[in-house]
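Enquirer: Structure of the sequence below:
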Amino acid sequence: MTSTRRVAIIGLIAFVAAVAGVFFGRLLVDAPKKDETELHALLHRELTLSAEQEKKIHAIEAQFADRREALELEMRASNIRLAQAIEAEHGYGPRVTKAIDETHEVMGELQKETLRHLFAMRGVLDHEQAAMFDKVVVKALTADAR
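Expert: As a prediction, the model looks like this:
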């Protein structure tokens, strides 16, 4: 097999791996989070929020939705940069390393924004509601650890 053909085959394999990585990354980022759904169900159905609490939480959720959408777009862009780096380097080189670090930065920022959002919603609740809220959050965060 000629070296040109070998490079082409390796390039094709790297490209397919990069596309698969982007595809699975999007599945992970775009997938609805069961625990978030459970938390929102608790907030809206089980906590018996006052009209004022509903109004405040709705505003918090709307603000977070905008921020989350922006971060998810950045995550998609980060995945594209990772795919391009993999395609260019055909291995674990400096561009791939940098792209991975950028992806982790965006993921970390999304996690921080999610926690800010949770704490902002918790701040709207009374003592009893906050205790129920805390139980659901702890359950969500430890579900995979069991």
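Enquirer: just checking, next helix/strand downstream of the helix or strand hosting E105?
Expert: Following DSSP states H and E, one finds E105 within helix 94-122. Moving toward the C-terminus from helix 94-122, the next helix or strand (DSSP H and E) is helix 127-142.
Enquirer: For that following helix, list every residue counted as buried.
Expert: Burial within helix 127-142, assessed by neighbour count using 16 or more other CB atoms under 10 Å, is assigned to Q129, F133, V136, V137, A140. C-beta here means a position set from N, CA and C on the backbone, and glycine is covered the same way.
Enquirer: shaky segments in this protein?
Expert: Scanning the chain for pLDDT under 70 picks out the ranges 1, 7-8, 11-12, 14-40, 42-44, 144-146.
Enquirer: Repeat the analysis, applying 80 as the threshold.
Expert: 1-47, 139-141, 143-146 (pLDDT under 80).
Enquirer: Could you identify the longest helix within the protein?
Expert: Longest helix in the chain, counting residues (DSSP state H): helix 51-89.
Enquirer: Flag every buried residue along it.
Expert: 53, 56-57, 60-61, 64, 67, 71, 74-76, 78-79, 81-83, 85-87.
Enquirer: now for the helix holding E105, which elements pack on it?
Expert: helix 51-89, helix 127-142 (3 or more CB pairs under 8 Å, 6 or more residues apart in numbering; DSSP states H and E).
Enquirer: Which elements pack onto the first one?
Expert: Here helix 51-89 is seen to pack against helix 3-30, helix 94-122 when contacts are counted using 3+ CB pairs under 8 Å, 6+ apart.
Enquirer: I'd like the distance from E113 to I60, if you could.
Expert: 12 Å (CB to CB, to the nearest Å).
Enquirer: scratch that, T114
Expert: Counting by CB to CB - T114 and I60 are separated by 12 Å.
Enquirer: Now do the SS call for Y92.
Expert: coil (DSSP: H, G, I helix; E, B strand; the rest coil).
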